[in-house]
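K.L.:
What follows is a predicted protein model with its sequence.
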2 protein chains.
Amino acid sequence: MIARPEKRGKRPSPTMDDVAKLAGVSRALVSLVFRGQPHVSAERRERVFTAAAELNYRPNAAARALASHANKTLGVMLQDLHDAYFAEVFEGIAMEAESHGYRLLIGTGGRRPEDEELTVESFLEYRVDGVILVSSMIEDAKLVSISQQVPTLVTGNYIRALSIDTVNADNQRGAELVVNYLFELGHRRILHIDGGAEFSSLPRGNAYWQAMEDLGLVPQILPGGYAEKGGADAAETILKMRRRPTAVFAFNDRVALGAMDRLEQGGITFPDEMSIVGYDNTLMSSLHPINLTTVNQPREEMGRLAVGTLIDRIDSHRQSAVHHTLQPTLIPRGTTRRIPVRSKTNQGSPRITTA
Amino acid sequence: MIARPEKRGKRPSPTMDDVAKLAGVSRALVSLVFRGQPHVSAERRERVFTAAAELNYRPNAAARALASHANKTLGVMLQDLHDAYFAEVFEGIAMEAESHGYRLLIGTGGRRPEDEELTVESFLEYRVDGVILVSSMIEDAKLVSISQQVPTLVTGNYIRALSIDTVNADNQRGAELVVNYLFELGHRRILHIDGGAEFSSLPRGNAYWQAMEDLGLVPQILPGGYAEKGGADAAETILKMRRRPTAVFAFNDRVALGAMDRLEQGGITFPDEMSIVGYDNTLMSSLHPINLTTVNQPREEMGRLAVGTLIDRIDSHRQSAVHHTLQPTLIPRGTTRRIPVRSKTNQGSPRITTA
DNA sequence: ATGAAAGCGCTAACAA
DNA sequence: TTGTTAGCGCTTTCAT
């Protein structure tokens, strides 16, 4: 027992005891100082900080978590980082979390429910204080089970389990905005390309349907998806139609892009011969060469609100669930225009073949 | 001392002791089983797992980290999540980390060095096993100090400190590819819009300069930046030039987009009257309406390699630094074309004013 | 205002 | 192969 046995290579970082010793105080006192507790004399506080600085001391988060049963950390499950949508929601989450002094443990699920569950499992091992699931694909029953183990908030998708906090944008309202806007531009044959299995597909599709009927119009929905491919496929069908729509409402910007691309190849020009609207107001849609009319969802605000709501539950031990719904706004841009007045029979079949 | 005193509300999760008791074995045995150690009889292993499942036991990561001095977690500092570039690098990081059984703690710096340092500080409090800095803006001296406290790897930017592991794409090679490609298309007046204060700006700019001189051409560099604005500003200058370039090599795709947009407003059409090349092969550049010729960097591979290299250092206690350089490739698309053969004097001033 | 002491849930020798 | 026993670095009563 001559020399202190050490792990080879890296020496252990200084502990609170080291600081206490150097400052000539007890470990508990150091703890008080580092947690910013009051009732510590200025003089001792000073001594502690000096000693800590000298040793380059840094509190050990694991030890702290173990002893305090709280680690000031939130787990954030993102479906996918590629989609700019998630990046923006995350931005809001990160800002709000930081302002509350929470760290973030993040994980992605890659649109695979099993992977998402693994990620959440990992959060639970960390004993995070709360979990935010952004557009999770985990099934409701599992969600409930998770929410019973840790404060949980779901954003970006609707769930049936009402006991879980949610933050969402109003998809129905968004769809209504689009239909009414196109209607006011004179469009009557408005087709919707839906989002396939995506969460928001149903509410948007349903709202589209309802809005059309309310206006006395005939709804028409084509299956789509969440990406360009879905739009292109639907476009294929549209090109084959004898009576084409004068306006298309796509599930999201990517679908709109995919559809536009294919339709333009088919000789249709936007917005002269057809109008099209996307959803999400992605950075892409705002790019000049694209300039897509779309619907904006307050993504960053959704992220902030998600964190705020979750931390509120953590702090207040609130048991009842809250559900926030934020309002989307229509962003009119270059892919929509007032329908040209012309003879009714001719209205739906512009000079496509001649273009 | 009648009832076990509890924190109000949530009951504590079961511990290894609970599992051991239920399975009728010692806690150490449970530990062995959960760490997948050999030399445990199949029968006991079974008993442990059953007991654990029954109790819904989940190891406590903090306790594990505290006792084992390793937490199988890497800290990842991302400059910014909005840029698709980082999302793709991160994707590679996430995949490789998962395959090695490492968790990720991520943080963003928002292009502010102080925030980045705070993020890293937080990683250190967690005693992460390693840190990956993606395009960090932290100054070299600080970087060295960090690397002395935890295995560190820098990717996405060059640093002077050779003692730190790095993974980068070859920016010089990328710039050469662009210049030579444009030269082969017949372009002689090739202008470069640089990246301003960005890391890669210097190597790309220098390589451009060198390549131009090697070809006997006159280099011309305009200040830019990392986003659309920089491109638009440079475009402003170009529009005022009496002898405009026939081709533009922009620092990245966003700068290229910004420049194109402004130049098109000025009446220049691409690629007929001018060619333009970006850098990064962002999703955006591949979009049909844009279809930008660009340079692809193997982002996902950079991410994978970063994790692989870092874990290697962690496992092997390697002391010497390694530096990986990956090769970019040119992606020819629609914004570049062979320069039309015409009288030499006329070559540089196409029918811009008449367009 | 400060200190002593008992854990938090786990891993890691070491013994058996 | 399995159990015993120290800690890991901190927070948290409870005294003083």
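P.N.:
Sure, I can see it.
K.L.:
what comes into contact with stretch A:118-125?
P.N.:
Contact with stretch A:118-125 is made by A:75, A:77, A:105, A:107-109, A:131, A:133, A:138, A:146, A:149-150, B:58-61, B:103, as judged by C-beta atoms under 8 Å, 6 or more residues apart in numbering or on different chains. Bear in mind the C-beta positions are built from the backbone N, C-alpha and C, glycine included.
K.L.:
now do 10 Å
P.N.:
The contact list for stretch A:118-125, computed with C-beta atoms under 10 Å, 6 or more residues apart in numbering or on different chains, reads A:73-78, A:105-110, A:112, A:128, A:130-133, A:136, A:138, A:142-143, A:146, A:149-150, A:152, B:13, B:56, B:58-62, B:64, B:72-73, B:94, B:98, B:103-104.
K.L.:
The helix or strand hosting residue A:53 close to DNA strand C?
P.N.:
Using DSSP states H and E, residue A:53 sits within helix A:42-55. Yes: contact of helix A:42-55 with DNA strand C (C-beta under 7 Å from any atom of the strand) involves A:43, A:44.
K.L.:
Quick check: next helix or strand after that helix?
P.N.:
As assigned by DSSP H and E, the chain's next helix or strand after helix A:42-55 is helix A:61-68.
K.L.:
mind listing what the helix or strand following that following helix pairs with, with the direction of each?
P.N.:
Downstream of helix A:61-68, the next assigned helix or strand under DSSP H and E is strand A:73-78. Paired neighbours of strand A:73-78 in the sheet (DSSP bridges): strand A:103-108 (parallel), strand A:130-134 (parallel).
K.L.:
my guess is residue A:99 contacts residue A:92, does it?
P.N.:
No: if you go by C-beta atoms under 10 Å, residue A:99 and residue A:92 don't touch, sitting 11.0 Å apart.
K.L.:
joint contacts of the two?
P.N.:
Common neighbours of residue A:99 and residue A:92 (C-beta under 10 Å, 6+ apart) are A:304, A:307, A:308.
K.L.:
want to throw the residues you listed into JSON lines with pLDDT, distance to residue B:268 and neighbour count?
P.N.:
Converted to JSON lines, the shared contacts of residue A:99 and residue A:92 look like this (pLDDT from 0 to 100; distance: C-beta to C-beta, whole Å; neighbours: other C-beta atoms under 10 Å in any protein chain shown):
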{"residue": "A:304", "pLDDT": "97", "distance to residue B:268": "42", "neighbour count": "21"}
{"residue": "A:307", "pLDDT": "98", "distance to residue B:268": "46", "neighbour count": "28"}
{"residue": "A:308", "pLDDT": "97", "distance to residue B:268": "48", "neighbour count": "18"}
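K.L.:
for the residues you listed, which one is nearest residue A:270?
P.N.:
residue A:304 (34.9 Å; C-beta to C-beta).
K.L.:
Secondary structure element holding that closest one?
P.N.:
helix A:299-316.
K.L.:
and that helix, what does it pack onto?
P.N.:
Other elements packing on helix A:299-316 under the criterion 3 or more C-beta pairs under 10 Å, 6 or more residues apart in numbering or on different chains; DSSP states H and E are strand A:73-78, helix A:84-99, strand A:130-134, strand A:152-155, strand A:165-169, strand A:323-326.
K.L.:
Next, format those as JSON lines and append mean neighbour count.
P.N.:
Converted to JSON lines, the helices and strands packed on helix A:299-316 look like this (neighbours: other C-beta atoms under 10 Å in any protein chain shown):
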{"stretch": "strand A:73-78", "mean neighbour count": "26"}
{"stretch": "helix A:84-99", "mean neighbour count": "22"}
{"stretch": "strand A:130-134", "mean neighbour count": "27"}
{"stretch": "strand A:152-155", "mean neighbour count": "28"}
{"stretch": "strand A:165-169", "mean neighbour count": "24"}
{"stretch": "strand A:323-326", "mean neighbour count": "15"}
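K.L.:
per-stretch mean pLDDT over those, give me the minimum one.
P.N.:
Across those, helix A:84-99 has the smallest mean pLDDT, namely a mean of 89.
K.L.:
Can you mark which positions in stretch A:203-214 are buried?
P.N.:
Neighbour-count burial for stretch A:203-214, counted by 16 or more other C-beta atoms under 10 Å in any protein chain shown, picks out A:203, A:204, A:205, A:206, A:207, A:208, A:209, A:211, A:212.
K.L.:
need the residues of chain A near DNA strand D, please.
P.N.:
Chain A comes close to DNA strand D at residues A:12-13, A:15-17, A:27-28, A:31-32, A:34-35, A:57, A:59-60, A:63-64, A:66-70, as judged by C-beta under 7 Å from any atom of the strand.
K.L.:
now with 10 Å?
P.N.:
For chain A, the residues in contact with DNA strand D (C-beta under 10 Å from any atom of the strand) are A:4-5, A:7, A:12-20, A:26-35, A:37, A:39, A:52, A:57-71.
K.L.:
Just the buried residues from those, in ChimeraX please.
P.N.:
Entered in ChimeraX, the line below selects the buried ones among the residues of chain A next to DNA strand D, by 16+ other C-beta under 10 Å:
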select /A:13,14,15,16,18,19,20,29,30,31,32,33,34,52,57,58,59,60,61,62,63,64,65,66,71
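K.L.:
ok, which of the residues of chain A next to DNA strand D also contact chain B?
P.N.:
Filtering these for proximity to chain B by C-beta under 10 Å from any C-beta of the partner chain leaves A:7, A:12-13, A:58-69, A:71.
K.L.:
hang on, the earlier thing: can I get the shared contacts of residue A:99 and residue A:92 in a markdown table with distance to DNA strand C?
P.N.:
Listed next are those as a markdown table, based on distance: C-beta to the nearest atom of the strand, whole Å:
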| residue | distance to DNA strand C |
| --- | --- |
| A:304 | 32 |
| A:307 | 26 |
| A:308 | 28 |
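K.L.:
and which of these is nearest DNA strand D?
P.N.:
Comparing the shared contacts of residue A:99 and residue A:92 against DNA strand D with C-beta to the nearest atom of the strand places residue A:307 closest, at 22.1 Å.
K.L.:
Do stretch A:137-157 and DNA strand C come into contact?
P.N.:
No: using C-beta under 10 Å from any atom of the strand, we find that stretch A:137-157 stays clear of DNA strand C, coming within 13.9 Å at best.
K.L.:
need the residues of the stretch 1-150 of chain A near DNA strand C, please.
P.N.:
Contact residues, the stretch 1-150 of chain A versus DNA strand C (C-beta under 10 Å from any atom of the strand): A:5, A:7, A:16, A:20, A:23-33, A:37-45, A:47-48, A:62-69, A:125, A:127.
K.L.:
switch to 7 Å and redo it
P.N.:
So far as C-beta under 7 Å from any atom of the strand goes, the stretch 1-150 of chain A lies against DNA strand C at A:25-29, A:32, A:38-41, A:43-44, A:63, A:66-67, A:69.
K.L.:
picking up where we left off before, any chance of the strands paired with strand A:73-78 in JSON lines, with distance to residue B:163 too?
P.N.:
Below are the strands paired with strand A:73-78 laid out as JSON lines (distance: least, C-beta to C-beta, whole Å):
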{"stretch": "strand A:103-108", "distance to residue B:163": "28"}
{"stretch": "strand A:130-134", "distance to residue B:163": "38"}
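K.L.:
about what we covered before: show me how far the helix holding residue A:53 is from its chain's centre.
P.N.:
43 Å (C-alpha atoms, centre = their mean, to the nearest Å).
K.L.:
elements contacting it?
P.N.:
By 3+ C-beta pairs under 10 Å, 6+ apart, helix A:42-55 packs against helix A:16-23, helix A:27-34.
K.L.:
With only the CA atoms kept, save that helix in PDB.
P.N.:
Taking Å, rounded to 0.1, in the frame of the first residue of the first chain, the C-alpha atoms of helix A:42-55 are listed here in PDB:
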ATOM      1  CA  ALA A  42     -19.400  34.600   1.300                       C
ATOM      2  CA  GLU A  43     -15.900  33.900   2.600                       C
ATOM      3  CA  ARG A  44     -16.300  30.100   2.500                       C
ATOM      4  CA  ARG A  45     -18.000  30.200  -0.800                       C
ATOM      5  CA  GLU A  46     -15.100  32.100  -2.200                       C
ATOM      6  CA  ARG A  47     -12.600  29.700  -0.700                       C
ATOM      7  CA  VAL A  48     -14.500  26.800  -2.300                       C
ATOM      8  CA  PHE A  49     -14.600  28.300  -5.700                       C
ATOM      9  CA  THR A  50     -10.900  29.100  -5.600                       C
ATOM     10  CA  ALA A  51     -10.000  25.600  -4.600                       C
ATOM     11  CA  ALA A  52     -12.200  24.200  -7.300                       C
ATOM     12  CA  ALA A  53     -10.700  26.400 -10.000                       C
ATOM     13  CA  GLU A  54      -7.300  25.500  -8.900                       C
ATOM     14  CA  LEU A  55      -8.000  21.800  -9.200                       C
END
